[in-house]
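Undergrad: coords please:
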Amino acid sequence: MKHLVTRFVLGALLVAFAATMSFAQSGADAKARGRYDFYGKSSSRSMRSARDYSRDYRQHVQASPKAAVDAAIAKDAADSVGMCIDKAKKDVEAMRVEAAGDKETLASLDLVAEKLAEAAKHHKKMHELCCKENVDGEGSMACCKDIDKALEAAGAEHEKLMKRLGVATAPVEKK
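TA: Numbers count the residues shown, from 1 in each chain. Model (predicted):
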């Protein structure tokens, strides 16, 4: 009887320990999911905002008479697009920290970062064209199209990643 009670107590402790460990792992996963949730949604929102600023700027240029693009609006649009791209890049880097050791997630984040770097390259050219005294409307609009293309690709890859991680985000808008 004494051995039976001892075995029962040891069994109960083993079950309690296993349950505690599974809850602890769940909590760790929940923390990572929470960080993915925040940084994932933030980077997605930043990419969408950059595309929105770019679209609005293109609409402004198209509505302006030839060679009459408002320089202040052009500079503001270029600054806003760049700020949003930089924020998305920062958030993707924060996600990389959380993904340490997860090769599939890191590979996906590499693709997103590559497309964000491409968008940043096109933004640099847009910024140069928008900060001239006489804004190059056609040239800066072409840059915006390239920025949008890169951000659409980054957003699509990002959306696939978030689905795989179980984090819901707003869908990528196709133009």
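Undergrad: which residues touch stretch 75-89?
TA: The contact list for stretch 75-89, computed with C-beta atoms under 8 Å, 6 or more residues apart in numbering, reads 42-43, 46-47, 49-50, 53-54, 56-57, 60, 113, 116-117, 119-120, 123, 126-127, 130-131, 140, 144, 147, 151, 154. Backbone N, C-alpha and C define where each C-beta goes, glycine included.
Undergrad: quick one: buried ones out of those?
TA: 42-43, 46-47, 49-50, 53-54, 57, 60, 113, 116, 119-120, 123, 126-127, 130, 140, 144, 147, 151, 154 (16 or more other C-beta atoms under 10 Å).
Undergrad: and the gap between the residue sitting nearest the centre point of the chain and residue 89?
TA: The chain has residue 43 as the residue nearest its centroid, 2.7 Å off, counting by C-alpha atoms, centre = their mean. With distances taken as C-beta to C-beta, to the nearest Å, residue 43 is found 8 Å from residue 89.
Undergrad: if we can go back for a sec, which residue, neighbours along the chain excluded, lies closest to the residue nearest to the centre of the chain?
TA: The spatial neighbour of residue 43 that comes closest, neighbours along the chain excluded (C-beta to C-beta, 6 or more residues apart in numbering), is residue 91 at 3.6 Å.
Undergrad: what about that neighbour, how many residues nearby?
TA: 23 (other C-beta atoms under 10 Å).
Undergrad: over to residue 89?
TA: Neighbour tally, residue 89, other C-beta under 10 Å: 20.
Undergrad: after the helix or strand it falls within comes which helix or strand?
TA: Applying DSSP states H and E as the criterion places residue 89 in helix 71-98. Counting by DSSP H and E, the next helix or strand C-terminal to helix 71-98 is helix 103-130.
Undergrad: run the angle between that next one and helix 71-98 for me.
TA: Going by axes from the mean of the first three to the mean of the last three C-alpha atoms, to 10 degrees, helix 103-130 is angled at 170 degrees with respect to helix 71-98.
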